[in-house]
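pasting a predicted model and its sequence here:
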Amino acid sequence: MQKQKPRGPGKPGSRAPSKPGGSQRPNNKQHNQKRAKELSRSKLAATETEIQELRAKYNEIDPETIKTFAQFPLSQKTQKALSEAKYTTPTEVQRLSIGHALQGKDVLGAAITGSGKTLAFLIPVLEHLYMNKWSRTDGVGAIIISPTRELAYQIFETLKKIGKYHDFSAGLIIGGKNLKFERTRMDQCNILICTPGRLLQHMDENPLFNATTMEVLVLDEADRCLDMGFQKTLNSIIENFPPDRQTLLFSATQTNTVEDLARLNLKNPVYVGYGTAKSVDTKPSGSTAVLALPELLQQSYVVLPLEEKITMLWSFIKNHLKQKIIVFVASCKQAKYLYEIFCKLRPGVGLLALYGTLHQDRRIAIYEDFLRKSHVVMFATDVASRGLDFPSVNWVLQLDCPEDVPQYIHRAGRSARNKSRGECLLVLTPSEEEYMIGALKEQLNLDIRAVHIDPKKLFSPRVKIEAFLAQFPELRASAQRAFLSYLKSVFLMRNKRLFNVLSLDLDAYAQSLGLAVTPRVPFIEKLKWRQKQQNQPEQQTNKTTGFGHDNDDEDGSGEDEDDFIKIKRRDHDVEGGATELEQQLGEESEEPLVVPKREKLVTKAALAKKAIKKNLQINSKVKFDEDGQTLADERNQMKALTARQQKQQQQQKDDDGGINLVLSKALLNEEDQYDKQRFRELVKKRHKLQREKLRKKAEQQQSDDDDEQNEDEAQQLDMDSESEQSVDLSWLPDPDKIYKKRNEKDEDEEEEEEKEDARQNDEEDEDDDDDDDDDDEPVFKKSRITDKLTLMDTEAIAANLLAS
Ligand SMILES: Nc1ncnc2c1ncn2[C@@H]1O[C@H](COP(=O)(O)OP(=O)(O)OP(=O)(O)O)[C@@H](O)[C@H]1O
């Protein structure tokens, strides 16, 4: 940075003396603002000149002479991003279409899968907004519609890459995301990439969303967006768009039927990919684009009975462990089950599953996982069949037959993209072979190679699968769902010449999935019954179900096996269109489908329930006495009594509306009384215990004191004469007192006697305390007599007494 020279005060442009945190800031700010204004003015001027120059070149664009993107009159921002992303040479579809699109024409682009159609519409979108000086505040300028969420996400990622130097804001509006968040941001977006259902939801519910500013509309996979599944939704969306707009339609299997073009209000569209670019005047409406597949894609097919499919798939995966494979199946539940069971079987390669009923975040995570990995097998439904650009997919295995040739093309096109090599194997059942191979040969002019599998090279995982199913009930349930879901998908196929549900061996198919018992398939039972009733040749083409395939609607609505007749892609018809359509077609159908009443099975349990309901006495036993008189059965009587009581109680309850308040109150009172009484007793008991403790403590103290005293006495007693120790005469009455002849005794002796008396009295008192009911004569005394007096002593005493 350069240092500035100090200038004198007062001079224009002079600065105030530099004070830390002083008045320098406002001047700086003003200066910066001024600079920014100048810059933006000069930028605008440059942009303006660039725009003028570019616009002038638009009419000179000649697709035949263009070899690089740099030769296109594109803004510098776009050019820079393209070269950074290593896009230097345009592909054929880009070379042919970008010029027309830049000139503001409507374009119908058809080109083989993986030929770069995404850039063919994204570049014109960016350029249109740039040339019209679109800013953030101008609202939505372009809307790109994709039939699947993953494809919308992929387009968004590409847009981020090539539009990174532009100042436009872009939004990804797909189902399964936060609606509120989208709602608040949508009006600030200049480019919206969305799925039809979600876009219509915002149009209906979001007051902030305004599509009237929109100038460019793009339909990627246009034929899919315009087909029956999205018909109503798309019609409603188009109503909200301004009629004066540019429309770009791209697909590998393009539509250009008169109705579709009329619906979209196309003005002199340019056809790209139908040979040379032609205007609508030279291209008759109603014809279809040239259907083609990449040259580097090797295609083959194999014919197998339905029940052999899993064995074949297992063997195929085991033989291609170092490859990137997509396995297409007809329904979400099949994809789920295959993923679950193959995970258990552990083939030795990474496994993934992508289908519509998964949570959106999970779907995106799986999509990205598959993008990254080089050796992986992904089980997928047709959510992955259109537009997704997975690099270096070695194999596409179409395990279930596609609905038609366009679907075959889109599935196969996930491999051999952008001039890389790839292989596709189509698995057909014997009943599907003739029609499908015929259609492929006819429409694609394709000589598809038949492959014969050596049965010796097949490894059957059936025993293991059965073992897993026996061990894991949830896996068994998943297998059952997969079984029903496949049959339903076949049943709902529009092309009844290709798909015949009645020709399938259900038991064998169930066993191949590991199921020991074949699940019941109500709709096939009904179909068979109907056929039997009508006594007609096999006819399952009832018009109510003529909506074709796609068991796995793109936006992932679940399926219910018990639904007999259900319009697929119901979720695309936001305003209950499917139901209307259903009704309409229901009316058209020649004969309503009468469902037979099945004979109800009468089980023992049902009979018993019936008997109990009617209050019949079941299993009653009658006893007779010796005279033949009936005896009352006590057990039954007891039962009857209890039942009566219960009934009465129930009745009483019912009368009171479930609760007898008076009875409940009385019961509660009683409970309360009991609780109180119990509490009082507990308190008393505690007090008594406390008293006892105190008393014992006091006694203990007392006895300790007594012991001490006794010890003293004992010591004194030890000093007494031997005669006194041998015979204790203390119990005898004092002779002096009795005979009033008190002999002179030693003072020591008297004292001793007195002490002894006192001690004995104490002991008597103590004993009295212990047991009030004792005799007057203390027990202690008695024992002492018996212990210490011999027979001789007693005799002597008696003699003395008598003598006295
Ligand atoms: N000009 C280009 N130069 C190099 N690579 C390109 C060019 N244009 C596109 N690609 C690459 O080719 C691949 C396929 O492109 P894209 O997905 O747009 O094909 P697509 O025609 O839309 O396929 P699909 O029909 O399956 O939708 C992408 O990986 C893309 O990056």
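Structure received. Numbering: from 1, shown residues only.

check which helix or strand covers V683.
Following DSSP states H and E, the helix or strand that holds V683 is helix 661-718.

same question for L219.
Secondary structure assignment for L219, by DSSP H and E: strand 216-220.

helices along the stretch 351-500 of the chain, start to end?
360-372, 405-412, 430-444, 462-471, 473-491 (DSSP state H, counting those that start in this stretch).

take the ones you listed and write them to CSV, including mean pLDDT, distance to the ligand and mean neighbour count.
In short, each C-beta sits where N, CA and C put it, glycine included. Formatted as CSV, the helices of the stretch 351-500 of the chain follow (pLDDT from 0 to 100; distance: least, C-beta to the nearest ligand atom, whole Å; neighbours: other C-beta atoms under 10 Å):
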stretch, mean pLDDT, distance to the ligand, mean neighbour count
helix 360-372, 93, 10, 16
helix 405-412, 93, 7, 23
helix 430-444, 90, 15, 17
helix 462-471, 94, 34, 16
helix 473-491, 94, 23, 21
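
what residue, apart from its backbone neighbours, is nearest the residue nearest the centre of the chain spatially?
Centroid-nearest residue in the chain: H359, 6.8 Å away (criterion: C-alpha atoms, centre = their mean). Counting by C-beta to C-beta, 6 or more residues apart in numbering, H359 lies nearest to G176, which is 6.8 Å off, once chain neighbours are set aside.

the one you found reaches Q360, doesn't it?
Yes - the criterion here is C-beta atoms under 8 Å, and G176 meets it with Q360 at 2.8 Å.

count of neighbours near the residue nearest to G387 when sequence neighbours are not counted?
Leaving aside its sequence neighbours, G387 sits nearest to L151 (C-beta to C-beta, 6+ apart; 4.0 Å). Neighbours of L151 under the rule other C-beta atoms under 10 Å: 25.

swap in the one 5 residues further on?
Other residues within reach of F156 by the criterion other C-beta under 10 Å amount to 21.

so how far is L261 from it?
28 Å (C-beta to C-beta, to the nearest Å).

how close does the residue of the stretch 201-350 of the chain at minimum distance from the ligand get to T68?
Nearest residue of the stretch 201-350 of the chain to the ligand: A252, at 4.0 Å (C-beta to the nearest ligand atom). With distances taken as C-beta to C-beta, A252 is found 25 Å from T68.

same deal with W529?
67 Å.

can you list the residues of the chain near the ligand?
Residues of the chain lying close to the ligand (C-beta under 6 Å from any ligand atom) are 87, 89-91, 94, 111, 113-119, 252, 387, 389, 413, 417-418.

if you set the cut-off to 5 Å instead, what comes out?
87, 91, 113-119, 252, 387, 389, 413, 418 (C-beta under 5 Å from any ligand atom).

which ones are touching the residue nearest to W134 when sequence neighbours are not counted?
Spatially, and ignoring its direct neighbours in sequence, W134 is nearest to G141 (4.8 Å; C-beta to C-beta, 6+ apart). By C-beta atoms under 8 Å, 6 or more residues apart in numbering, the residues touching G141 are H128, L129, N132, W134, F168, N190, I191, T213, M214, E215, V216.

what's the answer for T630, then?
Contacts of T630 by C-beta under 8 Å, 6+ apart are V622, K623, F624.

hang on, the earlier thing: which one of A252 and T68 has more residues nearby?
Applying other C-beta under 10 Å to A252 and T68 shows that A252 carries more neighbours, namely 27 against 13.

does that one really touch G109, like I thought?
No - A252 lies out of contact with G109 (C-beta under 8 Å); the separation is 9.7 Å.

find the residues that touch each one of the two.
Applying C-beta under 8 Å, 6+ apart, one finds that A252 and G109 are jointly contacted by K117.

follow-up on the earlier one: among the residues of the chain next to the ligand, which are in helices?
Of the residues of the chain next to the ligand, the ones assigned to helices by DSSP state H are K117, T118, L119.

those residues into CSV, with extra columns for neighbour count, pLDDT and distance to G628?
Shown next, in CSV, are these (neighbours: other C-beta atoms under 10 Å; pLDDT from 0 to 100; distance: C-beta to C-beta, whole Å):
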residue, neighbour count, pLDDT, distance to G628
K117, 26, 93, 101
T118, 24, 95, 100
L119, 23, 96, 105
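
can I see the domain layout of the chain?
43-273, 297-492 (the TED database).

if we can go back for a sec, turn the helices of the stretch 351-500 of the chain into a markdown table, columns for distance to V396.
Listed next are the helices of the stretch 351-500 of the chain as a markdown table, based on distance: least, C-beta to C-beta, whole Å:
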| stretch | distance to V396 |
| --- | --- |
| helix 360-372 | 13 |
| helix 405-412 | 5 |
| helix 430-444 | 14 |
| helix 462-471 | 24 |
| helix 473-491 | 19 |
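
looks like the residue nearest to the centre of the chain contacts R149 (just checking).
No - using C-beta under 8 Å, H359 makes no contact with R149, being 11.2 Å away.

what is in contact with the two at once?
G176.

for stretch 125-143, buried residues please.
125-131, 134, 139-143 (16 or more other C-beta atoms under 10 Å).

tell me which strands and helices the strand holding L219 is in contact with?
Packing contacts for strand 216-220, counted by 3 or more C-beta pairs under 8 Å, 6 or more residues apart in numbering; DSSP states H and E, involve helix 117-131, strand 142-145, strand 246-251.

export those as a markdown table, with columns for distance to D400.
Converted to a markdown table, the helices and strands packed on strand 216-220 look like this (distance: least, C-beta to C-beta, whole Å):
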| stretch | distance to D400 |
| --- | --- |
| helix 117-131 | 27 |
| strand 142-145 | 28 |
| strand 246-251 | 23 |
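
relative to E64, which of these is closest?
Comparing these against E64 with C-beta to C-beta, the closest turns out to be helix 117-131 (16.5 Å).
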